[in-house]
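A.B. asks: Give me a model of this one.
(4 chains)
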Amino acid sequence: MDFSLFLQNFLNGLSIGSVYAIFALGYTLVFSILGIINFAHGAIFTLGAYFTYALAGGKFGFNGILANAQLPFQLPFVMALLLSSVLSGLVTVLLERLAFKPLRARNADPLLTLVSSLGAALVIVNLIQYLVGAEIYTFPANIYGNLPEAINFGTATKPINIRTVQIIVFGVSVIIVTCLTYLINYTKVGKALQAIAEDTTTASLLGINSERLIMITFFISGFLAGISGTLVSSSVSIAGPYFGISFGLKGLAVIVLGGLGNIPGAIGGGLLIGLAEAFVPSDYSGYKDAISFGLLFIMLLVRPQGLFGKKLIQKV
Amino acid sequence: MTKHQITPILQLNNITKKFGGLLAVDAVSFTVVQNEIFGLIGPNGAGKTTIFNMLSGLITPDLGQINYLGQDLTKLQSYQIAQRGIARTFQNLRLLGNLSALENVLVPCNVHHKTDFLADFLGLPKAQLAQKKTYSKAKELLDLVGLSDNIKQQANNFSYGDQRRLEIARALALEPKLLLLDEPAAGMNTSEKASLSDLIRQIRDQFNLTIILIEHHIPLVMSLCERIAVLDFGKLISLGEPEQVKNDPLVIEAYLGNE
Amino acid sequence: MADFFNTYGHLIISTLFGAMLGLSIYLPLMAGQLSLASPGFYSLGGYIAAILSTQFFPRSEGTYPLHFLGVEVILSAILSGILAIALGILVLRLRGIYLAIATIAFGEIIRILALNLEITGGAVGIFGIPQPFDIPLAYLWIAIPLLILVMFLVYRLEKTNVGLALRAIQVDELAANSMGINSTKYKVLAFTLGAILAGIVGTISAHFLNTWNARQGTFDSSIIYLAFVLIGGSKTFVGPVFGGILLTALPEVLREIGNIRLIIFGILIVLGTIFFPQGFITPNLLKKWRK
Amino acid sequence: MTIMNILEIINLSVKYDAIQALKDINLVVNQGEIVTLIGANGAGKTTILKSISRLVKPEQGQIIYQGKDTTRCRPDQVVKLGIAHSPEGRRILAKQTVLNNLELGAYIRSDRLRIKADLEYQFTLFPRLAERRHQIAGTLSGGEQQMLAIARALMSRPQLLLLDEPSLGLAPHIVQEIFAIIRQLHQSGVTILLVEQNARLALENSDRGYVLEAGILKMTQKASDLLNDQRLREAYLG
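C.D. replies: Residues are numbered from 1 along each chain as shown, chains lettered A, B, ... in the order given. Sure, this is the predicted structure:
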């Protein structure tokens, strides 16, 4: 492999890996606070993509109830992205109230939450299908304004063309990760979140309103899912209501690879899987998805606590 | 000590265990002889339960050997150790809460009363007979610790003291040679403690057991144990008969204080 | 009556398969193990049937010989069993959600292999799997006895010492170990039984559905099977049977309401977990019925 | 001088599933007192503390704190009203530093300067913690963890401190040290409701005591009288 191809693959991997990372951060935040996996996270990812599509002035097809519908206004991409992510966050908070909180209040088996979140995912996905149909939607080409399609990082003779979208994706991801790291480690809310993650009862004895923080966590989680849904679909396309499901599954692989509930782990795991996939030769691209699960499987057997996790000591 | 035959049953040799950066057990060595009641004391976090966990195979020491009747325990898994006659109770009680008291005792009984799975599965008379036998053995043990009523009730519903006694019955069902009791008197009142003390002596004599016990209640330990080991920060700071330990200046400084 | 069977025959047979898939999740759960490997083994069993019947066994006129189906079932059981033992020894050291995720990863690896290999027909899958019966309804002759047999076996298993050991592990594996129980052995046993069951159901399903592809046994079906158990009731084997039948039938019954049926189905699943946290069928309920 | 009661519990009952943990408890704690709850394990002592800090939901009854009904408050609201609970098993945040634990103890406050001052005060009260302020709390010894749990509770500047089993599993000489600090807190005016296995030691340091049996209050008296009670001596005082 020559150097420019290597670099190109590397940058591609970094770009998609950084989206895996922010998507997985949302997953892992909820896990660290509540010890549950929210299977609807992938559905929110999809929802975010559709929200942005609509807000940026996209028109819907003819299959759903909202056939040919279009918003009367058109927001610039950055605004659409932010608003759509906020909406995704709000939907996730609503989901938490309806599908998770009642179970928590009844002290239900955590397994039930898996089932309940799958039920919620079914609702969201099928609602999307009912409303706007199952067709593929592509963002307009000039969605980012008048930026060039690709930027050459090499020389004229040895081009290393990186799509502008991917640079934007990477940039946005870096900003998000930085903000989140600051929030968790240096703010009062972040410290309270860490306290809840360690022991909810203790947190409430310290005067921390855990219900409110759980709500904040779900909002952030949904926000991150929405933003990553938009980023992925703006660089490829919205491949129908189900396209978040497989992404959700991959996110699961990322967070376990990095260590469940571990924030640097989600980032590292995301980048690792993104890079690993980018280096799969095109002849074997059918096996690309197997990479993440193969890595995951091996990791679970060798180091169940994940790359970045600390060894769990069981208290007797 | 003199009235017992002095044969070692258990030898800890330089046992060491680290958790993270913390030395939980630091090069501890001692020998327990057959038929004695041996006390293990020290503040919480001194490494007592960690030693029990290593003796019962729940964790493996980083260094050192544990010799039990000629075998090295550090190479065995916990179920193998249990099958070889080391039974234990747990500090925080680990009863099978939603199983009945009887079933709790039946589980270890079955380890020694192997039945033919097929006969058992088909409910053949042979299997039923075997089952009756284990039932009556389990009931005897429950009787012994003073639990004969409501044995088909969920273990969860028993009072705290009864649960502690149920754990002892369950441990005895393994037909152990060595019994490890982790804070058996915790949460008992004065009169309950006295009868527990009698029960421990009784089962030692009746089943020809060796007993190691972790306990915080100093008067109980001093009256019950024939020898005592004192741990502090993972180190063995004193070992000997109760009088000796009680007056050891090291123990007074680190643990007992001057009252 | 005939009309009823013509309309609902297909559905009834599917629900019986659903019940057995529920039991295949329930079996490892008896030992407290949340394994979601069933879709993987189900898919594997189906491919064994599809490949053998379309590529290896001789084509004959008329219906597919039942003894060939028998050979497929036995072969699926053996292969699933061997694979499950190997996999089980590897993954059953993991606990709780980690085990669930490892078994999901196993299912995904099977799925991606099926999508890419030639022998499994790639993304298209395998078509024209031969029928052993003239009418689809005749599958009842296999599904009903099989379900009854499986239920009886699970019922008896719970009564034995092995059943007691499994329950002990379910409640507290560490305590069970220190009571002399080799928990690994029992966990692998329960896991393997579940895998064999899923494999056999897959084998029969492949014939029943006439076609088999990588969409059989995906990740979300593993959670659906888990829903069979949890919404049906995870404390007695009647629970997953009931849950499997109910949740397989529900989307079909809802077909009348048209496009929003899967939305309603999702809502019902959420409501089911909230209002029946113990599941519909609980041991107490069964006791009441007996009285 | 009239004695102000700071806490009053009226007809409190608590159920865990089918098990009645507390039945018709009536209890008063006066301003500035140390009151001890004694009783066997499972008698319901911890449940009373948990009901006050709202970790468990009462089945019926009222909890009045400084004239305000707190029965329906959330746990975090109770803390804001001035009740701190140092729970059974200490429940320090084992993965965080001593300093972080203490700072989180002041979570409800926003007076930064005073928090700083209080932190320094805790370090003078518990010099052992001062040496270890940057240490991860999980690596402290049992006695130090107990001190951290108490210091953390004090960081919210409580008027009422609930202390659950402060001596559990500690070396006898550390227990003496802990009780010396409890006496010091008492002198500085903190009201304390104490649950303690070591009934004798607790009563020797208390104004009054309540005796619980199987979820029911059996008697309440001045601590010195309880110490001389024949029946109590047999059951609890050893």
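
A.B. asks: ok, residue D:81 touching residue D:66?
C.D. replies: Yes. If you go by Cβ atoms under 8 Å, residue D:81 and residue D:66 touch, sitting 7.3 Å apart. Glycine gets a C-beta too; all of them are placed from N, C-alpha and C.

A.B. asks: Could you report the separation of the closest residue to chain D within chain C from residue D:5?
C.D. replies: Among the residues of chain C, residue C:284 lies closest to chain D, at 12.1 Å counting by Cβ to the nearest Cβ. Remark: distance between residue C:284 and residue D:5 (Cβ to Cβ, to the nearest Å) = 45 Å.

A.B. asks: same deal with residue D:195?
C.D. replies: 19 Å.

A.B. asks: So which of these two has more stuff around it?
C.D. replies: residue D:195 (24 against 16; other Cβ atoms under 10 Å in any protein chain shown).

A.B. asks: just checking, that one touches residue D:165?
C.D. replies: Yes. The pair residue D:195 / residue D:165 is scored as a contact, 6.0 Å apart, by Cβ under 8 Å.

A.B. asks: Need the overlap of contacts for those two.
C.D. replies: Taking Cβ atoms under 8 Å, 6 or more residues apart in numbering or on different chains as the criterion, residue D:195 and residue D:165 both touch D:46, D:88.

A.B. asks: my read is residue B:13 is in a helix, agree?
C.D. replies: No. Assigned with DSSP: H, G, I helix; E, B strand; the rest coil, residue B:13 falls outside any helix and is strand.

A.B. asks: what about the nearest residue to it once chain neighbours are set aside, which helix or strand?
C.D. replies: Nearest non-adjacent residue to residue B:13, counting by Cβ to Cβ, 6 or more residues apart in numbering or on different chains: residue B:65, 4.7 Å away. Using DSSP states H and E, residue B:65 sits within strand B:63-68.

A.B. asks: tell me which strands and helices whatever helix or strand comes next after that strand is in contact with?
C.D. replies: For strand B:63-68, the succeeding helix or strand toward the C-terminus, using DSSP H and E, is strand B:71-72. With contacts defined as 3 or more Cβ pairs under 8 Å, 6 or more residues apart in numbering or on different chains; DSSP states H and E, strand B:71-72 has no helix or strand neighbours.

A.B. asks: Strand B:71-72 pairs with which strands, parallel or anti?
C.D. replies: strand B:63-68 (antiparallel) (DSSP bridges).

A.B. asks: which residues does residue D:39 contact?
C.D. replies: D:45, D:211, D:212, D:213, D:236.

A.B. asks: and residue B:167, how many neighbours does it have?
C.D. replies: Residue B:167: 25 neighbours (other Cβ under 10 Å).

A.B. asks: Doesn't it lie inside a helix?
C.D. replies: Yes. Checked against three-state DSSP, residue B:167 lies within a helix.

A.B. asks: nearest spatial neighbour of it, skipping sequence neighbours?
C.D. replies: residue B:89 (4.2 Å).

A.B. asks: Looking at the one you found now. What's its pLDDT?
C.D. replies: Per-residue pLDDT puts residue B:89 at 95.

A.B. asks: remind me which residues of the stretch 1-150 of chain A are low pLDDT?
C.D. replies: Counting by pLDDT under 70, the stretch 1-150 of chain A contains low-confidence residues at A:1, A:141.

A.B. asks: again, 80 this time
C.D. replies: A:1-4, A:140-149 (pLDDT under 80).

A.B. asks: And the helices in it?
C.D. replies: In the stretch 1-150 of chain A, the helices defined using DSSP state H, counting those that start in this stretch lie at A:3-34, A:41-55, A:77-95, A:101-105, A:110-132.

A.B. asks: Tell me which of those helices sits most buried.
C.D. replies: helix A:41-55 (a mean of 28; mean count of other Cβ atoms under 10 Å in any protein chain shown).
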